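J.: Give me coordinates for this.
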Amino acid sequence: MAQKFTFAQREEGFDNHIEHSIRGYTNLWNDVLKISDFFIEDESNVVDVGCSTGKLLKSMIDQSSYAKKCNFYGIEIEEDFFPQFDVDEQDPKYSNLRYFRGDVRDFAFKDCTLVTSIFTLQFIPEFQRRDIIKQIYEGLRYGGAFVFAEKTVSECPRIQDIRTFTYYDFKREHFTTDDILDKEKQLRHMMKPVSRRELMNMCMTAGFELERIDSFWQNYGFTGFIAVK
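T.: As a prediction, the model looks like this:
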């Protein structure tokens, strides 16, 4: 039986692997961190869906003057990340950071001013994504934001073909051809990206208004969005 694929077990480490897999990932990550400054408030909740190593939440706490009076929650289902969570929760510096080890559908979003999800929805079955975005929308305060990034597919076959092969050219700078193809095969049943239009429709179905949804970053087919309640 083939071994279960998990980003947590990459030899080069999760953060390095993502940096080499998505061109401009550091720019996206820094943009999300800067955007968080507009939404972190006293006596509120900030949630990162699919928090992996917890790096984003810890960086928010490190930089924000409001962080000490705000609660931070990371949601992660991959057990290989859990040992780091125990270390973080015992660190006095992150006394207001807690992790929810389980399925995002079982988390109670409440009184949130910011929810982030960086390349997580694409790994959730399509029929569940709308309900999860709805949970997030209902858990946000008015004026709060859902900031998320996803791999998207083009609605134009020719453009999608161009995207795919220029992206492969980039990945071959860091990975072997066999590694690229093996990973794609392992992710075949897990990762199911949709188009920008479909993602925006999911947000509108959840309750977000079209004029309050926009993209703020894109590289190849990877796109960052912000939706404000």
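J.: Pull up the gap between Val87 and Lys192, please.
T.: Per CB to CB, to the nearest Å, Val87 is found 33 Å from Lys192. From N, CA and C alone the C-beta is placed, and that goes for glycine too.
J.: and the helix or strand harbouring Thr205, which residues are buried?
T.: Per DSSP states H and E: Thr205 is located in helix 196-206. Using 16 or more other CB atoms under 10 Å as the burial criterion, the residues of helix 196-206 that qualify are Arg196, Glu198, Leu199, Met200, Met202, Cys203, Ala206.
J.: Could you do stretch 18-28 as well?
T.: Residues Ile18, Glu19, His20, Ser21, Ile22, Arg23, Gly24, Tyr25, Leu28 are the ones in stretch 18-28 that count as buried (16+ other CB under 10 Å).
J.: Turn those residues into CSV, columns for pLDDT and secondary structure.
T.: Below are the buried residues of stretch 18-28 laid out as CSV (pLDDT from 0 to 100; DSSP: H, G, I helix; E, B strand; the rest coil):
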residue, pLDDT, secondary structure
Ile18, 80, helix
Glu19, 77, helix
His20, 75, helix
Ser21, 81, helix
Ile22, 88, coil
Arg23, 87, coil
Gly24, 90, coil
Tyr25, 93, helix
Leu28, 96, helix
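J.: Out of these, which two are the most distant from each other?
T.: Maximum pairwise distance in the buried residues of stretch 18-28, criterion CB to CB, is 14.0 Å, between His20 and Leu28.
J.: how much space is there between the residue nearest in space to the middle of the chain and Lys69?
T.: Nearest to the geometric centre of the chain sits Ile118, at 1.3 Å (CA atoms, centre = their mean). Look at Ile118 and Lys69: by CB to CB, they are 25 Å apart.
J.: Let me see the ranges of the strands in this protein.
T.: Listed from the start of the chain, the chain has strands (DSSP state E) covering 45-49, 71-76, 97-101, 112-118, 140-151, 213-219, 222-228.
J.: Lys183: which of the ones you listed is closest?
T.: Of the strands of the chain, nearest to Lys183 by CB to CB is strand 140-151, at 13.0 Å.
J.: Right, I'll leave it there.
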